[in-house]
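The sequence isn't on hand, but the structure is:
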Ligand code: SF4
Ligand code: SF4
């Protein structure tokens with residue numbers, strides 16, 4: 001079968017060899033967890049517990065405050081020590097700090113919901129919403145919102161992203177190898193919620209073992225097609241994945257639903273399966289801890305709210321001089337200036353680079369070589385958007401469709417002059433969105 005792909009894209013070194021063959025190990029239970037009320041796109045949660053309260057695993061500790069929001073739950077049993085603003089990735093957020101009693105007592109609300117076959121679409125959607133399921137591939141978009149398109153948008157396909165195209169990360173790879181039935185079960189739930197006839201699971205061809213295990217788990221379900229994708233970055237981006245699987249293009253400024261598709265991540269799918277089968281909300285996830293400056297790279301199952309430094313210590317700690325700490329992959333992850341922050345539902349990777357790798361090269365003048373244009377998967381002209389952004393001319397940047405940028409970083413990667421393309425385009429996007437909000 002020919003490999004499916006998209007137009008544009010790049011081939012950064014995979015760097016997955018450090019962890020791709022390492023089975024997932026359960027992290028040591030943390031003594032304290034810090035549950036951030038901001039773990040998703042949309043409105044932050046409102047804490048519903050107070051200092052001194054006793055909570056159990058799976059108990060809701062933060063309620064959603066709007067439709068585009070998602071509840072958060074305790075990952076341990078123990079006593080609430082504080083409800084206060086703490087450092088989290090990207091700034092400060094209200095957090096519920098819980099001291100574990102080490103018992104891991106399960107909350108009474110956590111009971112099996114039975115099987116998909118005995119549940120209506122509406123009931124499955126409600127389970128997903130109450131379990132705090134969000135996109136676990138990085139963005140953290142509340143899944144129940146994706147599954148509630150307006151009536152005029154006809155969805156006929158669900159696509160699971162098993163590409164894991166970010167270099168270094170292997171969490172999804174191990175998930176597909178070790179619990180393929182859960183991934184497939186979650187997709188069947190999504191198919192039922194959206195009442196569609198077709199589901200795809202896209203896996204890059206640098207993971208043939210995962211392709212085999214998922215294909216085996218899906219073989220009884222004719223509505224599911226497991227497709228092999230050409231290994232290219234950003235193959236796992238929504239629009240690129242939709243094109244690879246269906247040859248449909250999402251229009252400029254459009255969403256996947258404009259192409260009749262909903263895209264979810266394989267980890268999200270497995271979390272949905274768990275929420276249905278056991279009733280347990282999203283309180284833990286697999287994370288890849290890797291890079292040149294960690295002693296023993298690993299894939300670990302970590303409880304949401306675990307301190308990042310504690311996780312790194314369980315990998316033997318830092319090696320040499322650390323230059324950069326990134327939450328997520330090297331292309332789309334976010335750098336953090338501290339390891340004293342809690343993990344969240346979207347902590348797919350903890351990447352630790354040494355000083356040399358972290359050096360930011362001096363930017364030179366644009367050579368007008370056109371490389372950034374030829375690889376941009378969104379068919380943009382990054383050199384012009386960036387040039388206008390650097391001159392604070394955001395109107396022009398908008399005219400060059402800055403908002404269609406998916407922030408994949410491919411342009412910065414290929415630029416021979418090391419121009420700050422992604423950074424400047426991100427600034428432009430923020431300014432354009434802020435201006436639009438003001439004018440509403
Ligand atoms: S302009 Fe945006 S979408 Fe295009 S390559 Fe650069 S970061 Fe990716
Ligand atoms: S890749 Fe860099 S040097 Fe080449 S056109 Fe784009 S911004 Fe200019």
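Noted; the coordinates are in hand. Since this is a predicted model, take the numbers as computed values, not measurements. Residues are numbered from 1 along each chain as shown. Ligands and ions are numbered 1, 2, ... in the order given.

CA only for contacts and neighbour counts going forward, please
Noted.

which SSE is residue 87 in?
strand 78-88 (DSSP states H and E).

continuing past the host helix or strand of residue 128, what's the next helix or strand?
Here residue 128, judged by DSSP H and E, is contained in helix 121-130. Counting by DSSP H and E, the element after helix 121-130 in chain order, helix or strand, is helix 143-146.

What average pLDDT does that following helix get?
Taken as a whole, helix 143-146 carries a mean pLDDT of 96.

Helix or strand next in line after it, which one?
strand 157-162.

outside of that following strand, which residues touch it?
Outside strand 157-162, the residues within contact range by C-alpha atoms under 8 Å, 6 or more residues apart in numbering are 172-173, 176, 187, 190-191, 196-204, 236, 241-242, 245, 260-266, 269.

let's go with 6 Å and repeat that
196, 198-203, 236, 261-266 (C-alpha atoms under 6 Å, 6 or more residues apart in numbering).

Out of the residues you listed, which end up buried?
196, 199-203, 236, 261-266 (16 or more other C-alpha atoms under 10 Å).

So, low pLDDT: which residues of the stretch 1-150 of the chain?
Of all residues in the stretch 1-150 of the chain, those with pLDDT under 70 make up the ranges 1-2.

Looking at it, which residue is nearest ligand 1?
Closest residue of the stretch 1-150 of the chain to ligand 1, C-alpha to the nearest ligand atom: residue 9 (7.6 Å).

follow-up on the earlier one: and the contacts of strand 157-162, which is the shakiest by pLDDT?
Within these, lowest confidence goes to residue 236 (92).

Write out the residues of this structure neighbouring ligand 2.
366-372, 383, 415-417, 419 (C-alpha under 6 Å from any ligand atom).

Let me know the closest of those to residue 325.
Nearest to residue 325 among the residues of the chain next to ligand 2, counting by C-alpha to C-alpha, is residue 419 at 21.9 Å.

Give me the neighbour count for the closest one.
By other C-alpha atoms under 10 Å, 22 other residues sit near residue 419.

Could you do the one 5 residues further on as well?
Other residues near residue 424 number 19, with proximity taken as other C-alpha under 10 Å.

Ligand 2: which of the buried ones among the contacts of strand 157-162 is nearest?
residue 236 (22.6 Å).

quick one: the helices in this protein?
For the chain, applying DSSP state H gives helices covering 121-130, 143-146, 171-178, 180-194, 208-218, 238-246, 266-278, 308-313, 355-358, 371-375, 382-390, 394-399, 410-414, 421-438.

Let's have these in a markdown table, adding distance to residue 78.
Conversion of the helices of the chain to a markdown table gives the following (distance: least, C-alpha to C-alpha, whole Å):
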| stretch | distance to residue 78 |
| --- | --- |
| helix 121-130 | 22 |
| helix 143-146 | 28 |
| helix 171-178 | 28 |
| helix 180-194 | 29 |
| helix 208-218 | 37 |
| helix 238-246 | 39 |
| helix 266-278 | 21 |
| helix 308-313 | 19 |
| helix 355-358 | 39 |
| helix 371-375 | 51 |
| helix 382-390 | 49 |
| helix 394-399 | 50 |
| helix 410-414 | 45 |
| helix 421-438 | 40 |
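
Can you say which of those is packed in most?
Neighbour counts (mean count of other C-alpha atoms under 10 Å) averaged over each of these peak at helix 266-278, with a mean of 25.

Please list the residues outside it that contact it.
111-114, 135-136, 160-162, 182-183, 185-187, 281.

residues in contact with residue 180?
residue 214.

end to end, how far does stretch 377-395 reach?
22 Å (C-alpha to C-alpha, to the nearest Å).

any residue of that stretch up close to ligand 1?
Yes - against ligand 1, stretch 377-395 shows contacts by C-alpha under 6 Å from any ligand atom at 377-378, 380, 382.

All set, thanks.
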